[in-house]
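Peer 1: Below: sequence and its predicted model.
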Amino acid sequence: MFIYFSPKELYKLIGIDPPRGVLMYGPPGCGKTMLAKAVARQTTASFIRVVGSEFVQKYLGEGPRMVRDVFRLAKENSPAIIFIDEIDAIATKRFDAQTG
């Protein structure tokens, strides 16, 4: 006898919420982008790719507005995968060991 559970049902069965995001880390060329595209294709989710440095803008408030726009676009095209490439351009440490 074989009983199929969807991933959502399995999470519910064991009493935990499914993850809402994944952080992939690795050197350039190891397949992070390819994996994200493959998952989008297999799940028929929309694939939205942005480059982290695009969020660093000249004018105050423009970067956060762009982030909101990307998430709005994902919501409008749900289900969607937002792939932020080179996020280290905007997600660096605020302080270093020298300045505290």
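Peer 2: Thanks, I have it. Small disclaimer: the values here were computed from a predicted structure and weren't measured. Residues are numbered from 1 along each chain as shown.
Peer 1: C-alpha from now on. contacts and neighbour counts both.
Peer 2: Will do.
Peer 1: Now do the strands in this structure.
Peer 2: Counting by DSSP state E, the chain has strands at residues 46-51, 80-85.
Peer 1: can you list these in CSV and add distance to Asp69, mean pLDDT and mean neighbour count?
Peer 2: Formatted as CSV, those follow (distance: least, C-alpha to C-alpha, whole Å; pLDDT from 0 to 100; neighbours: other C-alpha atoms under 10 Å):
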stretch, distance to Asp69, mean pLDDT, mean neighbour count
strand 46-51, 11, 92, 17
strand 80-85, 12, 90, 18
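Peer 1: Out of the ones you listed, the one nearest Thr33 is which?
Peer 2: Comparing the strands of the chain by their distance to Thr33 (C-alpha to C-alpha), the top pick is strand 80-85, with 7.8 Å.
Peer 1: ok and the closest one relative to strand 46-51, angle-wise?
Peer 2: Per axes from the mean of the first three to the mean of the last three C-alpha atoms, to 10 degrees, the angle that strand 80-85 makes with strand 46-51 is 20 degrees.
Peer 1: right, and the strands of the chain - which one's nearest Phe71?
Peer 2: Set against Phe71 and scored by C-alpha to C-alpha, the strands of the chain come closest in strand 80-85, at 7.9 Å.
Peer 1: Against which helices or strands is the closest one packed?
Peer 2: Based on contacts counted as 3 or more C-alpha pairs under 8 Å, 6 or more residues apart in numbering; DSSP states H and E, the elements that strand 80-85 packs against are helix 32-43, strand 46-51, helix 62-76.
Peer 1: could you dump these to TSV with distance to Leu13?
Peer 2: As requested, the helices and strands packed on strand 80-85 are exported to TSV (distance: least, C-alpha to C-alpha, whole Å):
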stretch	distance to Leu13
helix 32-43	21
strand 46-51	28
helix 62-76	27
